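Next input, structure requested:
(one chain, ligands or ions: 1)
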Amino acid sequence: MFNGTSTFVEGVDNAFLFIVVISLILLIVLTFLMVYFIFRYRKERNPVASQIEGNVTLEVLWTVIPGILVLMMFWYGWKAYTPMREVPEDAMVVKAVARMWAFSFEYDNGKKSDKLVVPINKPVKVVLEATDVLHAFYIPAFRVKQDMVPGNPQYVWFSASKTGSYDIFCAEYCGTLHSAMITKVEVLEETDYQAWYEGSALAGDEPVGLKLLKDNACISCHSTDGSQLVGPTFKGLFGKTHKVVSNGVEKEIVADDAYLMKSITDPASDVVVGFPAIMQPYQLPDSSLKSMVEFIKTLK
Ligand SMILES: [Cu+2]
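Have a look, this model is predicted:
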């Protein structure tokens, strides 16, 4: 019946369908009885209300039957949930980092990506870390969802059963651009995955600096085309004079190499006037910082 995109689909959908069907039956039967009784026992036909002492058979029935139904819901839910917490030994591990307002993924060879790329039919454990506020990692197609709490790493695992591209959402309101905190999980054939994993970059000839800005989710707050997001746009930023607040004092600063690098590693030190001081500091190698700044310079 189920054409699952992950091994959890059948269990979760069974539990969901069971609860929906029981709820529908109850809704229809109870609504019908309620309307029927209104007519059948109206005052016109029954001027004197009869006094009922109790009915043991009925009371037992309406306790035992719902009790069994609720236990069956629990059983379906339990059967779907327990496999989600038991990660297979051979699972590969990917780290997912959530920050306002993007996900980024880190592989054990140091590779970083703004998409989660995984091989088909392979258990993948995703270790979840939030750096700033509450987020939630949600892949609807795989029936996988987990809150991400700063300082309290969590995990999900899944095994994708179909190649393709599926949505990843943040499912916990996390601020202004929460609704834009969207990325994809790409499920590839094993050989394609290996090629991606070992390759230094995807086939495209993206500049290194741009790739770094994407992988570190910079561009979810800083546009490259001049449009206004949460932070200043990168376009035309380099070489211009900006008003900033440093230690509560307003001053003017020229956006040179040193200023841009400092703004990545210590963003709170000089905050451009008119923007909220919400950016988290990034720890990146000097070579990465240089590449990012070199790319920003090209955005005239
Ligand atoms: Cu979020």
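
Every contact and neighbour count from this point should use C-alpha atoms.
OK.

Can you name the residues of the chain that neighbour the ion?
Residues of the chain found near the ion (Cα under 5 Å from the ion) are 135, 170, 174.

Just the buried residues out of these, in ChimeraX syntax.
Restricted to buried positions by 16 or more other Cα atoms under 10 Å, the ChimeraX selection for those reads:
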select :135,170,174
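
Name the nearest of the residues of the chain next to the ion relative to V230.
C174 (13.4 Å; Cα to Cα).

I'd like to check which residues are in contact with that closest one.
Neighbouring residues of C174 by Cα atoms under 8 Å, 6 or more residues apart in numbering: 100-101, 133-135.

how close does the residue of the chain found nearest the ion sit to V70?
Relative to the ion, the nearest point of the chain is H135 (4.0 Å; Cα to the ion). Counting by Cα to Cα, to the nearest Å, the separation of H135 from V70 is 31 Å.

Go through stretch 287-298 and flag the buried ones.
Buried-residue list, stretch 287-298, by 16+ other Cα under 10 Å: 288-297.

Same check on stretch 149-169?
Quick answer for stretch 149-169 (16+ other Cα under 10 Å): 149-150, 155-163, 165-166, 168-169.

Strands along the stretch 151-300 of the chain, start to end?
With strands called from DSSP state E, counting those that start in this stretch, the stretch 151-300 of the chain shows them at 154-159, 164-170, 182-188, 241-246, 249-254, 271-272.

Look through this protein and tell me its longest helix.
Determined from DSSP state H, the single longest helix within the chain is helix 9-40.

That one: which residues count as buried?
Applying a neighbour-count criterion of 16+ other Cα under 10 Å, one finds 9-15, 18-19 buried in helix 9-40.

From what I see, T5 and V144 are in contact.
No. Counting by Cα atoms under 8 Å, T5 does not reach V144; the two are 11.2 Å apart.

okay, those two: which has more neighbours?
Each of T5 and V144 has its neighbours counted (other Cα atoms under 10 Å); T5 has more, 23 against 18.

For the more buried one, give me phi and psi.
Main-chain dihedrals, T5, degrees, to the nearest 10: phi -90, psi -10.

Who are the contact partners of it?
141-142, 160-162 are the contacts of T5 under Cα under 8 Å, 6+ apart.

same thing but 6 Å
142, 160-162 (Cα atoms under 6 Å, 6 or more residues apart in numbering).

Name the residues of the helix or strand hosting M72 that are buried.
Element membership of M72, judged by DSSP states H and E, is helix 56-85. Neighbour counts over helix 56-85 (16+ other Cα under 10 Å) mark 73, 76-77, 80, 84 as buried.

Can you pull out the residues in contact with the following helix or strand past it?
Sequence-wise, the next helix or strand downstream of helix 56-85 (DSSP H and E) is strand 92-99. With Cα under 6 Å, 6+ apart as the test, strand 92-99 has contacts from 103-107, 124-132.
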